[in-house]
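1. have a look; sequence and predicted model below, questions after that.
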Amino acid sequence: MKKNRVLSILMYSVLALWALTTIYPLIWVVLNSFKDTQEIIMNSFTLPQRFFLENYQTALENNILQGYVNSLIISVSVVFFVILFGSMAAYTLARFRFKSKVLIQGLIISSLMIPIFATIVPVFGILLKLKLFNNHLGLILPQIAGNLAFTISVLTSYMSTIPIEMEEAAFIEGCSSFQVFKKIVLPITKPSLAAVSIFVFLWSYNDLFSALIILRTRDKMPINVLLTDISSQYGTDYGLMAAVIAIIVIPIVLVYIFAQQFIIEGMTSGAVKG
Amino acid sequence: MKKLLALLLMVALMTSLFVGCGQTETDTGNSSGAASDAGDTTNDTSDSDESESSEATNEVELRIVTMFGGTDPSTEVFEQQLKDFMDANPNVTIINESMTSVGDEFRTAVKTDFSTGNEADVTFFYTGADAKGIIESGSVVPYEEVRETYPEVGGDISESILDSVREFDGKLYALPMTGFYEGLFVNTELFDQYDLELPTSWENLTTAIEVLSENGITPIAGPIAQSHYLIEHFVLAQAGVEGHQDVLDGDIPQSWVDGLTHIKELHDMNAFSADAIAMEIEASQNLFRQGNAAMIFEGSWFIGGCDEELQAKMTVMPMPTAPGGAKDPTSIVAGYSSGYYISRRSYDDASKQEVVVDLVKHLTSAEAIKEIAAANGGTPSAPVTVEGLSQVALDGHKMAAEAKGLSMPIDSRLKPEAFNYIVKEGVPFIAFGERTALEVLEEVKNIQSR
Amino acid sequence: MKLYENKKTITLFLFPALLFMTVFLFYPFFMNIIKSFYASDGYVNSAFIGIDNYRRMLGDQTMQVAIKNTFVLMFYVVVFELGVALILAVLVNSIPKGERFFQTVFFFPIVISATAIGMMFNLFYAYDGGLLNNIILNFGGEAKVWKSVEAALEIIAIPTIWQYIGFYFVLMLTAIKQIPKSLYESAMLDGVTGFKKLIYITIPLIRNVLITCLVLAITGTLKVFDLVLVITNGGPLNASQVLGLYMYQKTFIDEAFGYGASISVVIVAIGLIVSFIVNRIFRQEEFTY
């Protein structure tokens, strides 16, 4: 029994230590958002001398609610379509046999490597011709494409490890491929779908580069672009930046904590029994 | 599955065909209506505006892009100027897509817009090398042409300043608002503390470096990792204005080699801080602003970010001439590097032409120039006096006024890739003795001539 | 099985995803490849120069350093990032309580944008007033220049690795959780417990996901740029120059689009080759439970 105790304590210590490194930065950002820049430069790792609210005031002066709404519209749409198209494609690659499978898998892996700035200029040209400049859809479409490679890769590897018997049984009972997909495969892969969704949402939410080029007017900008716009100036206002980061990050942390519930439930219920 | 592949390829091809056959001139949502007259703008020009337009007063929508966005010091002033124009012309809506020029997004966005036919009606952008492509593609209209119909456009700006921003074809494409100067900023309190003479000569400079570093003060806040201003000043110190303007299309000028080598010499003398090699411009600015460094090579925009207490013990002076250098003691790096452009497409649009020109007139009036200059500390392009400036800002303007030679920065003449080579692959390696200035400049010449 | 050969299904299921990727990824990248044969400032000036860009790359010292550094970084990432993530996943899976807490908390670094993390680490590494030096000075030591030529690569490796451990952790944990408990039960009956359980049961069964993680980590390293940009910008003296950053600099800062495009082609090529090798070595068999 003692050996287990020691092991237990050891495990918890390791985990706690790591947890410290992951929590501390957030706290640090929040603390610094209450300091003015000079104080941060001199002493960024102590408690703020007093609660300096001006950073938040400056940041909030602009219509940030619109920014959140925009972020939501964009990121939720992206996640929805990525999961939809991605899971369909992953299912095909995980199970089906067909000649061009290797080619398609190769294509997907290679697109994992394509850096965004290699494609931004042609993509921008395409969007212009489709008249999607300064339009949410103009940002959503390329983001869907950009996230599909990752999603398909990850989902394929999860799906390929699901026991095949249930699908076979359903098919024998007369279900079509679609039904098998919808009623059997999707529910079982829920945990991985959830995990992937979170990441896709995050990347869409934090994407700065393409958003800056495609969306130009403040009323269309997602929150991170809006706030970056606000916080850049001659020299750097670290206090403002910290407040900006806090405003961007806190909501999503809350969302994640909330969404965690579903992931855990999904994970524990998704494990196939027997 | 061959069929599958074939199907996909066909779709892809069709999509790209469709996309490729689309018009290159897309109407990006600008509603065009007949232009209404903008007769009562708030500018100081006393000449009367164009005769009232006889066309119907339809809605006009204009897009404008400038660098007075984000928390650029001029943003508030600029937005007010736009508001005033819209108040005076209720049928005109201006969509403001300005963004700060700090970072690379502004330059990228504007250039991408121009190259994809999506440029705004009025753009405030850089002149020189950055504008070359835009001008060559005919996307902007020269003011000679505009003035044939609207002779007073930009009338408040000094002719000599307008001349200084003429492009390679001798024509004027941009109306400048404020200019800048660069110089050696000095913390006079520190110099007094150690009984040092101001660095008006090279000898004073090196003496100051020795004394200051012995006493634990960083002599020069110099970001070796982002040495743009160091490069400008050290080359100027050796080469003088004429040499400074060499574009490396002939033999490598010895003055440039010597100038850059001086950076190494000073580096060996511990003129820079211990972490200068990894320092970026902001960090070195902070070093000076906190009083930990006695000197810094910066520009007119630097003053605005220094608090009042510091400004009271600062002054600015021209770079001292290097030993054997060709520089006149008063010459500085300065100039006007940006201005208002009118897009060709906008100007040729009869329904917009007058409004666009009126907007530009409003934004380049003496009053407007004075407001922007007061906000960003630059030198005004119109002969107005800016009020409320601190002593160091006045010193700066005086220095610019008395300079016998003004030279635009090197990065306005060299390709970005070429100049950046000196910054990234040049100065750090030279300072550490891993490359010679000559080697570096030869590669720069290579890049420039590609 | 008939179910898995239905061509209609295959086409329909693959079509939307492939359409998106073709229009917004493959086609633009193809244009990019074409551009790599030009000297272009990306906007208006463009001249065909054949394989000149690639020839230039052969002699480009910075490129060689970048390639070397990228591979070293890849090694660090695979060993430390995947390694630590795996350990954390296994640990979290084994503890009776607190699982949810750790899962939530390990995720945080990913939520913060790379630029913000870069800024934060800048304040750690700063010579004057940085956290590390402050701690050292407190203990009577001497302040160190952290962003030195010797240490720069490791300096940027740390935040790069640290940020995404949570990502691989989640992927691996999800995979571990999918292993049916029954398998563990029968293993226990056979006397396989603890460490042996880990090596012989857990790891093999999440193999596919591990390989995917490996591929993701490798390709991710090839694209790293914003963290490095903010912390060292590739310096000092190119000590922390990596391929992704070099490509970004050439394209957007130096405006040498043609050359930048050729670098991106090389990046993709390297990625493909390495992934191919990885797949060969760890040959995936399709298996299910």
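-> Cool, got the structure.
2. rest of the way, CA atoms for contacts and neighbours
-> Will do.
3. how far away is C:V215 from C:I165?
-> Using C-alpha to C-alpha, to the nearest Å, C:V215 is found at 15 Å from C:I165.
4. correction: B:M67
-> Computed as C-alpha to C-alpha, the B:M67 to C:I165 distance reads 39 Å.
5. mind listing what's buried in the helix or strand where A:L15 lies?
-> Element membership for A:L15 (DSSP states H and E) is helix A:2-32. The neighbour-count criterion (16 or more other C-alpha atoms under 10 Å in any protein chain shown) identifies A:11-12, A:15, A:18-19, A:22, A:25-26, A:28-32 as the buried residues of helix A:2-32.
6. and for stretch B:347-362?
-> B:347, B:351-362.
7. now do stretch B:389-409
-> Going by neighbour count (16+ other C-alpha under 10 Å), the buried part of stretch B:389-409 is B:390, B:392-397, B:399-400, B:403, B:405-409.
8. can you name the residues that contact B:I134?
-> The contact partners of B:I134, by C-alpha atoms under 8 Å, 6 or more residues apart in numbering or on different chains, come to B:K111, B:F114, B:S115, B:V140, C:V44.
9. got the residues of the stretch 301-450 of chain B near chain C?
-> For the stretch 301-450 of chain B, the residues in contact with chain C (C-alpha under 8 Å from any C-alpha of the partner chain) are B:K415, B:P416, B:E417, B:A418, B:N420, B:K424, B:E425, B:P428, B:F429.
10. pretty sure the second one contacts C:F257?
-> No: at 11.6 Å, B:P416 and C:F257 do not qualify as touching, with contact defined as C-alpha atoms under 8 Å.
11. who's more crowded, these two?
-> It is C:F257, of B:P416 and C:F257, that has more neighbours when counted by other C-alpha atoms under 10 Å in any protein chain shown, with 27 against 21.
12. let me know the pLDDT of that one.
-> The predicted local confidence for C:F257 comes out at a pLDDT of 83.
13. now it: phi and psi?
-> Torsion angles at C:F257 (phi, psi; degrees, to the nearest 10) stand at phi -60, psi -40.
14. out of the residues of the stretch 301-450 of chain B next to chain C, which sit inside strands?
-> If you go by DSSP state E, those have nothing in strands.
15. lowest-pLDDT helix or strand in the chain?
-> I'll assume chain A. Within chain A, confidence by mean pLDDT, DSSP states H and E is lowest for helix A:37-42 among all helices and strands, at a mean of 69.
16. over to chain B?
-> Using mean pLDDT, DSSP H and E, the lowest element in chain B is helix B:2-21, with a mean of 36.
17. quick one: name whatever helix or strand follows it.
-> strand B:60-65.
18. parallel or antiparallel, list what pairs with that following strand.
-> Taking DSSP bridges as the criterion, strand B:60-65 pairs within the sheet with strand B:92-96 (parallel), strand B:122-126 (parallel).
19. am I right that A:N32 is in contact with A:I40?
-> Yes: taking contact to mean C-alpha under 8 Å, the distance of 6.6 Å between A:N32 and A:I40 places them in contact.
20. what touches both of the two?
-> Between them, A:N32 and A:I40 have A:G239 as joint contacts when contacts are counted by C-alpha under 8 Å, 6+ apart.
21. and C:V65, that one's in a helix?
-> Yes: under the criterion used here (DSSP: H, G, I helix; E, B strand; the rest coil), C:V65 sits inside a helix.
22. gap between it and chain A?
-> Look at C:V65 and chain A: by C-alpha to the nearest C-alpha, to the nearest Å, they are 20 Å apart.
23. for the helix or strand harbouring A:G125, which helices and strands make contact with it?
-> Under DSSP H and E, the secondary-structure element containing A:G125 is helix A:116-129. The elements that helix A:116-129 packs onto, with contact taken as 3 or more C-alpha pairs under 8 Å, 6 or more residues apart in numbering or on different chains; DSSP states H and E, are helix C:27-35.
24. ok, the helix it packs on near chain A or not?
-> Yes: in terms of C-alpha under 8 Å from any C-alpha, part of helix C:27-35 sits within range of chain A, namely C:P28, C:F29, C:M31, C:N32.
25. next, the angle helix A:116-129 makes with that helix.
-> Using axes from the mean of the first three to the mean of the last three C-alpha atoms, to 10 degrees, one finds that helix C:27-35 and helix A:116-129 are set 110 degrees apart in direction.
26. so which residue of chain C comes closest to chain B?
-> Proximity of chain C to chain B (C-alpha to the nearest C-alpha) peaks at C:D254, 4.0 Å away.
27. residue contacts, that residue?
-> Residues in contact with C:D254 (C-alpha under 8 Å, 6+ apart) are B:K415, B:P416, B:E417, B:A418, B:N420.
28. longest strand anywhere in chain B?
-> strand B:178-187.
29. could you identify the helix or strand that succeeds that strand?
-> With DSSP H and E setting the assignment, the helix or strand that follows strand B:178-187 is helix B:188-193.
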